[in-house]
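Undergrad: with the input below, show me the fold.
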Amino acid sequence: MKLLNIFLFITFLSLFSCKKNVEEVTINSCQNGVKDDDEEEVDCGGACSACYHYPYLVLKQNGKAKQASSKSIVLENVDYKLLVGFDTVLFQLNLGSNLADGTYNLNPLTAGLVSGTKQYTFVSGIFGISRNDLSQKQLSGNFEAKFVNLYDTLRIESGQFEYLDY
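TA: Predicted structure coming up:
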């Protein structure tokens, strides 16, 4: 019986204690969670797929922070227009036909703002373009503007947009 137990123990060890070959795993540099030499950002750009940035737009309306629920840059006639909507306020800022990096005055002829049923008139404003990616057709920059109506003033301050498609 003792001999049988030893035999079973040796058989068990020989069956389950064999070393298994470990396969070498190659990690794709575009999926390794590290910004490698030729990548623009972590795991994108360069030899990897193009980087995608989510567009956003934030601003202050009379000092109160807001995040736009809708935003777009559209080409209308020969000018690019920044269209922004949040809550019940919709406004349009004319960026002109030149989207080169720099700071510019907003065009008062086509800027406008509507808040609920109130109509506001554009008084002044500037915008800056910090990055225009011609290959992705995405624009980043900042803006501020002042609008008035018969009863009050509405100031748009600290406006910032990133990666808006046009």
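
Undergrad: how near is the spatially most central residue of the chain to Gly125?
TA: Geometric centre of the chain, nearest residue: Tyr54, 2.8 Å, by C-alpha atoms, centre = their mean. Per C-beta to C-beta, to the nearest Å, Tyr54 is found 26 Å from Gly125. Heads up, the C-betas are built off the backbone N, CA and C, glycines and all.

Undergrad: next: Leu99.
TA: Plainly put, Leu99 is 17 Å away from Gly125 if you go by C-beta to C-beta.

Undergrad: cool, Glu24 as well?
TA: In terms of C-beta to C-beta, Glu24 sits 60 Å off from Gly125.

Undergrad: same check on Tyr52?
TA: For Tyr52 relative to Gly125 (C-beta to C-beta), the value is 30 Å.

Undergrad: care to break this protein down by domain?
TA: Listed domain ranges for the chain are 1-51, 56-165 (source: automatic domain parsing).

Undergrad: where in this structure is pLDDT low?
TA: Applying pLDDT under 70 to the chain flags the ranges 1-22, 108-113, 115-116.

Undergrad: quick revisit: higher neighbour count, Glu24 and Gly125?
TA: A side-by-side neighbour count of Glu24 and Gly125, using other C-beta atoms under 10 Å, places Gly125 first with 21 against 5.

Undergrad: Asn132 is in contact with Ala100, isn't it?
TA: Yes. Counting by C-beta atoms under 8 Å, Asn132 does reach Ala100; the two are 6.8 Å apart.
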